[in-house]
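**Student:** coords please:
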Amino acid sequence: MTDEHSYEALMARCLGRVSTEVDKREGSILYDALAPACAELAVLYTELETMLDRAWPDTAAGADLDKKAAERSLVRAPASSAVREGRFTGADGEAFDVPIGTRFSGGAVNFTVTERREAGVFRLTAETPGSAGNTWFGTLFPIDYVEGLAGAELGEVLVPGDDAEDDESLRARYFGSFESQAFGGNRADYREKVLSLPGVGGVKIFRTPEGGGTVGLTLVDSLWGVPSDDLVAAVQAAIDPVSGQGDGAGLAPIGHTVTVRPAVGKTIDVALTLTLEGSLTWEAVRPDAEAALRAYFAELVQGWADASGLTVRLSQVETRMLDIPGVLDVQGTRLNGGLANVTLEEEEIPVLGVMSHGA
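**Tutor:** Residues are numbered from 1 along each chain as shown. This is a model prediction of the structure:
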């Protein structure tokens, strides 16, 4: 609120419009009559500024931003549930089949068995939507009693769970809708439709990779890694089902034969020598070092869809190491045995391989 709309300024202006022949001192009848009205006006001016912020897409938030996005036929992506692989064994150590619908607890999230993949191996869906379903690995505890079950392990993330789209992502899509119109199977249309599917983090679109009328889609998942076969199959089924490709049975226009494939993981082996504080050892620092590089690779992959190729840089690797508490210096860094940056092909993304110290 500007000074001209403060309570004091409003009172001064109102009193200034009254004849000097009238008592305008604080406590007078006139002063006391104007004071409540000016106080309410000051509140109103403050709320007007808030209303202006709520009315414009660059400052709107929450439900207000949802309404602005709806003007462009955009809807905030809801949270989606993670789909995980579960492995079950009986008392004899052999694969054990559990009933569909059986519930298990892992970490702070409950999971429901939804589909059998093979003997003792099932798909489990998190009951709580969002990224929380991606994080727990290890022993599952049955909520429902299953006779004969001896062991249950939660493993691979088949389809990552996503949190509800945040304001900044929706805002970016809103402004992006003015730069390119999604229509009839153009690039913007494919991008919009594929990114709306659960578990998809990025997509590259290729025209006529197998001749006229064909479209290629290469994916990364929402954890910024190589997508699982299950996620690729789910996207293929949604966009252009294999049983009837090109017939328009999915989201792709009729006449478009679409092939969905995963990004290619390029293994990056890292060798370096760290100078550490005091009694710190490499084994103590190693988990932080690996986590820092995975975070760096994830940052790179977030820009993969719009890049012709990614580059893993020595300087960035060393910078991330120096950000780790207890690391004083880094020397002799090699990527895949070389002293140079590693440039990836268009459909490749970096995957951390072996990280060695003092080699």
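
**Student:** centre of the chain to the strand or helix carrying Y45, how far?
**Tutor:** Assessed by DSSP states H and E, Y45 sits inside helix 29-55. Here helix 29-55 is found 41 Å from its chain centre; the criterion is Cα atoms, centre = their mean, to the nearest Å.

**Student:** could you do stretch 259-270 as well?
**Tutor:** Between the centre of stretch 259-270 and the centre of its chain there are 19 Å (Cα atoms, centre = their mean).

**Student:** CA-only coordinates of that stretch in CSV, if you can.
**Tutor:** Only the C-alpha atoms of stretch 259-270 are listed here, as CSV (Å, rounded to 0.1, in the frame of the first residue of the first chain):
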residue,chain,number,x,y,z
THR,A,259,7.1,-45.2,-31.7
VAL,A,260,8.0,-44.5,-28.1
ARG,A,261,11.4,-45.3,-26.8
PRO,A,262,13.5,-44.6,-23.7
ALA,A,263,16.5,-42.2,-23.6
VAL,A,264,19.8,-44.0,-23.7
GLY,A,265,21.8,-44.0,-20.5
LYS,A,266,25.4,-43.1,-21.0
THR,A,267,27.5,-44.4,-18.1
ILE,A,268,29.9,-41.9,-16.7
ASP,A,269,32.7,-43.3,-14.6
VAL,A,270,34.4,-40.7,-12.4
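
**Student:** so which bits of that stretch are buried?
**Tutor:** T259, V260, R261, P262, A263, G265, K266, I268, V270 (16 or more other Cβ atoms under 10 Å). Every residue, glycine included, has its C-beta placed from N, CA and C.

**Student:** for T139, state which of the residues you listed is nearest.
**Tutor:** Using Cβ to Cβ, G265 comes nearest to T139 of the buried residues of stretch 259-270, at 28.0 Å.

**Student:** check contacts around the nearest residue to that closest one once chain neighbours are set aside.
**Tutor:** Counting by Cβ to Cβ, 6 or more residues apart in numbering, G265 lies nearest to V351, which is 4.0 Å off, once chain neighbours are set aside. Contact analysis of V351 by Cβ atoms under 8 Å, 6 or more residues apart in numbering lists G225, V226, G265, K266, T267, I268, F297.

**Student:** which strand in this protein runs the most residues?
**Tutor:** The longest strand of the chain (DSSP state E) is strand 264-276.

**Student:** list of residues touching stretch 71-83?
**Tutor:** Contact partners of stretch 71-83, identified using Cβ under 8 Å, 6+ apart, comprise 65-66, 69, 114, 123-134, 157-165, 169-170, 173-174, 177-178, 196, 198-199, 230.

**Student:** for PyMOL, what selects the buried ones among those residues?
**Tutor:** Of those, the buried ones can be selected in PyMOL as follows, counting by 16+ other Cβ under 10 Å:
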select buried, resi 65+69+123+124+125+126+129+130+131+132+133+134+157+158+159+160+161+162+165+170+173+174+177+198+199+230
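
**Student:** report the contact partners of the residue sitting nearest the centre point of the chain.
**Tutor:** For the chain, the residue sitting closest to the mean C-alpha position, by Cα atoms, centre = their mean, is S222 at 5.5 Å. If you count contacts by Cβ under 8 Å, 6+ apart, S222 has them with P160, D162, G199, V200, G201.

**Student:** got the contact list for stretch 121-134?
**Tutor:** Residues from elsewhere that reach stretch 121-134, judged by Cβ under 8 Å, 6+ apart: 78-88, 95, 97-98, 103-104, 107-117, 154, 157-158, 160-164, 223, 230.

**Student:** from these, list the buried ones, please.
**Tutor:** Buried subset of the contacts of stretch 121-134 (neighbour count, 16+ other Cβ under 10 Å): 79-88, 97-98, 104, 109-113, 154, 157-158, 160-162, 223, 230.

**Student:** tell me which stretches of the stretch 151-300 of the chain form strands.
**Tutor:** 200-207, 214-221, 257-262, 264-276 (DSSP state E, counting those that start in this stretch).
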